[in-house]
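A.B. asks: coordinates only, sequence not included:
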C-alpha cells in the first residue's frame, strides 16, 4: 500500500505521463529546453519534501525541500505548482483530513514561517510569475529570502500570501476554495475507464475547457489563454484533434501549466481514494 | 544532490523512458497487459527497498522490500531484474565501493539469509523463469518461501544461487562478472550526447547486439533470442529502423527484458558518475 508521500510522487509522474495534454510536456512530447526525463528527475528529487510533509514538518519548509529537490535537474522548473497543491494535500491525507473542508483547514492554519519557506523556495528555481501590484512590490516572490522581513513585519501567513494571488493564479485559487477543482477532477479520474494516461488527458482537457489557465495568461497573455480554453472545448466537442493541438501548442510555446498542476492535485486525491494503476 | 537510493529510483524511471527499445515498454509504447504508468508506480513502490539497501539493511531483505513495493500495481512484474542489479549497486555506492571490484566483493559477501530474502521476493510477483535442472527442483524460485529450508540445509548464499543461474540468466551473470556489462554500458551513456531517452535507446541496442537476451530465450526460445540480437545489429548498421523494429517486437511479444535490466544498472552507475539529467 502506497502512503500519501508515495502517492504524491506517483501523482507527479502520472501527471506528466498523461497524453495528449496540449501544450504540456507529456510522455510523447518534449519542449525544446524542458524534457520528459527532467520531470522524472524532478519527481525523484521532490520525494524527500513530500515525505517531510507527511511526517508533520511545517508546510512551508516541506514545500521548500520538495522544490529544492525538484530543481536538482538541468531543466529548471518542472512541477512547482503541482507541489504547492500536493504538499498540503499530503499533509491533509496524513492527518486523515483529505476532504475539501480538511484541506481548507490545513491551509488556513499555515503560519508566517510557512510563508517564509514558500518565498525561500523561489531561491531554488526560476518560476514564471506576474509583476505584483505596486503596493505589493516588497512581496514579489522573485525577491525570495529578501521578502522575509516584510512577511514577518506584516505577519503574513502562507494562506494570506495565497489570498493575495488567488485572483490571478489558479493554484492559489485552489488554496482559497478548499481545492475544489482538484477534488472534482479526482472524481472524473475515478469514474473514467481505460489507461491512466488517457484519463489524465481527458481530465486535463475538461479542466482547461472549464477555466482559462493562469500560467498561459502570465506567459502568453489573456488572448492566448482564452484561445486555449476555446480549443480545449473544441477537442471535447470532437471538432479538433487533441494530438494535433498538442503539437501546435508546443510549437507556439502555449503551456497550460496551471491546469497540469491541478491534474496533479486531482491524481493525488484519486490515488488516495483507490485509483488503480 | 541525489543520493544512491534516489539515483537508483531515477535509473528505473529513465530505463523505461528510453525510446525506442525494441520489444520493451517505453515512453512511446505499452504492452497489452503492461503499461508505462505501471512502471512509474513500480519505481515509486521500489524506493523504500532501495533506501533500505543504501542504509545497510541486508541485501536479500532490501531486495525483497523493493520487489514487494514494485509489485504494488496491477501490471505484475515491471523491473524485478533491474532491482536485482541496482540493489547491490546501491549498497556498493553507499559504502563508496562503486567499482567492478567493490560490487564483486559486495555480492560475494551475501549470506544464506540474503538467499532466503531473494526467494521470498518471488512470493510478491510472478516472474518468467526457466524450469530448473532436476537436481535443483527443490530450489526452483517459484517455490518461494518453500525453498528456504533447502537453502539453509545446503548453506547456499545469494551469491551461490546466482552462480547456479549465471549460464542461462544475464542478470545472474552480472553478479558473477563484477557487473561488467553494467559498468561498460555506463561509459557509453556518459560518452554519448543528446537527450537521455535516445542515449538509453542506443545503449540498449548495443547491449542487445553484443549478447543474446536470456529473458527472450526463456520466453520465446533460442531462435527468437538470436534473431533479436541479429536485428539489433542491423539497426546499429543502419539496415533496419529502430522504431519499426520496436513495433514489430511488441506485436510478436519479444521483450528483451534482461537487456533492459542491464541498462538500468548502467544508468545507475552513470548517474553516480555524473550523468546530467
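C.D. replies: On my side now, so go ahead. Values in this document were obtained by computation on a predicted structure and should not be read as measured data.
A.B. asks: hmm, who's touching stretch A:201-208?
C.D. replies: Stretch A:201-208 is contacted by residues A:18-22, A:24, A:26, A:181, A:185, A:188-189, A:192, A:228-229, A:232, A:235-236, A:242, A:256, A:259-260, A:262-263, A:266 when judged by CB atoms under 8 Å, 6 or more residues apart in numbering or on different chains. For glycine as for every other residue, the C-beta is placed from the backbone atoms N, C-alpha and C.
A.B. asks: Next step: those residues restricted to helices.
C.D. replies: Among the contacts of stretch A:201-208, the members falling in helices (DSSP state H) are A:181, A:185, A:188-189, A:228-229, A:232, A:235-236, A:242, A:259-260, A:262-263, A:266.
A.B. asks: Please check those and keep the buried ones.
C.D. replies: Neighbour-count burial (16 or more other CB atoms under 10 Å in any protein chain shown) applied to the ones in helices among the contacts of stretch A:201-208 gives A:181, A:185, A:189, A:228-229, A:232, A:235, A:242, A:259-260, A:262-263, A:266.
A.B. asks: Show the average pLDDT along stretch A:140-159.
C.D. replies: Mean pLDDT, stretch A:140-159: 91.
A.B. asks: tell me, which of the ones in helices among the contacts of stretch A:201-208 make contact with chain B?
C.D. replies: Among the ones in helices among the contacts of stretch A:201-208, no residue sits close to chain B (CB under 8 Å from any CB of the partner chain).
A.B. asks: so which of those residues comes closest to residue A:252?
C.D. replies: The shortest gap between residue A:252 and any of the ones in helices among the contacts of stretch A:201-208 belongs to residue A:228, at 10.0 Å (CB to CB).
A.B. asks: Is the strand or helix carrying residue A:91 positioned near chain B?
C.D. replies: Residue A:91 belongs to helix A:80-94 when assigned by DSSP states H and E. No. If you take CB under 8 Å from any CB as the test, helix A:80-94 misses chain B, and the best it gets is 13.4 Å.
A.B. asks: Around chain B, which positions in the stretch 101-250 of chain A sit nearby?
C.D. replies: A:195-197.
A.B. asks: Secondary structure class of the residue lying closest to residue A:76 once chain neighbours are set aside, three-state.
C.D. replies: Closest residue to residue A:76 apart from its sequence neighbours, by CB to CB, 6 or more residues apart in numbering or on different chains: residue A:126 at 5.8 Å. Three-state call for residue A:126 (DSSP: H, G, I helix; E, B strand; the rest coil): coil.
A.B. asks: shaky segments in the stretch 101-250 of chain A?
C.D. replies: The stretch 101-250 of chain A contains no residues with pLDDT under 70.
A.B. asks: Tell me which residue of it lies closest to chain B.
C.D. replies: residue A:196 (4.6 Å; CB to the nearest CB).
A.B. asks: Quick check: phi and psi at that residue.
C.D. replies: phi -60, psi -40 (degrees, to the nearest 10).
A.B. asks: Just give me the neighbour total for it.
C.D. replies: Using other CB atoms under 10 Å in any protein chain shown, residue A:196 is surrounded by 25 other residues.
A.B. asks: same thing with residue A:230?
C.D. replies: 13.
A.B. asks: and it, how far is that from residue B:207?
C.D. replies: Distance check for residue A:230 against residue B:207: by CB to CB, to the nearest Å, it reads 48 Å.
A.B. asks: now do residue A:155
C.D. replies: If you go by CB to CB, the gap between residue A:155 and residue B:207 works out to 60 Å.
A.B. asks: Compare these two (neighbour count), which wins?
C.D. replies: residue B:207 (26 against 10).
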